[in-house]
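[1] this one's structure only:
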């Protein structure tokens with residue numbers, strides 16, 4: 001239970017995974033993405049997507065991406081923007097990398113597209 005004046009810590013997480021594999025002689029790319037809010041009381045997934053793409057159907061950009069599992073902890077504003085992107089064009093989330101820019105001691109989160 002939260003004491004008066006204390007706030008429960010809230011973390012905003014963006015996960016992006018790409019894996020290439022073979023199945024019955026055919027090559028595939030699996031993409032996984034999740035936007036989640038983490039609290040002491042538990043984790044709430046806001047958006048989750050799992051896709052499998054045949055290698056032959058994949059764009060050169062997707063083929064060139066390295067296999068990876070990336071987990072980013074981002075601020076609430078960036079998280080909310082990613083939620084909006086997930087509603088309009090969720091495919092783009094597989095290509096976005098949040099990064100932190102430091103200028104004059106201040107930090108800003110930004111979104112960059114891969115490739």
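    Perfect, I can see it now. Here the structure is a predicted model, which is why all the values come from computation and not from measurement. Numbers count the residues shown, from 1 in each chain.

[2] now do the strands in the chain.
    11-23, 26-39, 42-54, 68-74, 96-103, 106-113 (DSSP state E).

[3] return the set of buried residues in the third one.
    Looking back up the chat, that one is strand 42-54. Under the neighbour-count criterion of 16 or more other C-beta atoms under 10 Å, strand 42-54 has 47, 53 buried. For every residue, glycine as well, the C-beta is placed using N, CA and C.

[4] elements contacting the longest helix anywhere in the chain?
    Counting by DSSP state H, the longest helix found in the chain is helix 76-89. Secondary-structure packing of helix 76-89 (3 or more C-beta pairs under 8 Å, 6 or more residues apart in numbering; DSSP states H and E): strand 11-23, strand 26-39, strand 42-54, strand 96-103, strand 106-113.

[5] give the rounded mean pLDDT of it.
    The pLDDT scores in helix 76-89 average 92.

[6] tell me which residues in that helix are buried?
    Applying 16+ other C-beta under 10 Å to helix 76-89 flags 78, 79, 81, 82, 85, 86 as buried.

[7] could you do stretch 9-16 as well?
    12, 13, 14, 15, 16.

[8] would a markdown table of those with pLDDT and distance to residue 67 be doable?
    Formatted as a markdown table, the buried residues of stretch 9-16 follow (pLDDT from 0 to 100; distance: C-beta to C-beta, whole Å):
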| residue | pLDDT | distance to residue 67 |
| --- | --- | --- |
| 12 | 95 | 25 |
| 13 | 95 | 20 |
| 14 | 95 | 18 |
| 15 | 95 | 14 |
| 16 | 94 | 12 |
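
[9] follow-up on the earlier one: could you dump the strands of the chain to a markdown table with distance to residue 62?
    Listed next are the strands of the chain as a markdown table, based on distance: least, C-beta to C-beta, whole Å:
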| stretch | distance to residue 62 |
| --- | --- |
| strand 11-23 | 8 |
| strand 26-39 | 6 |
| strand 42-54 | 7 |
| strand 68-74 | 13 |
| strand 96-103 | 14 |
| strand 106-113 | 13 |
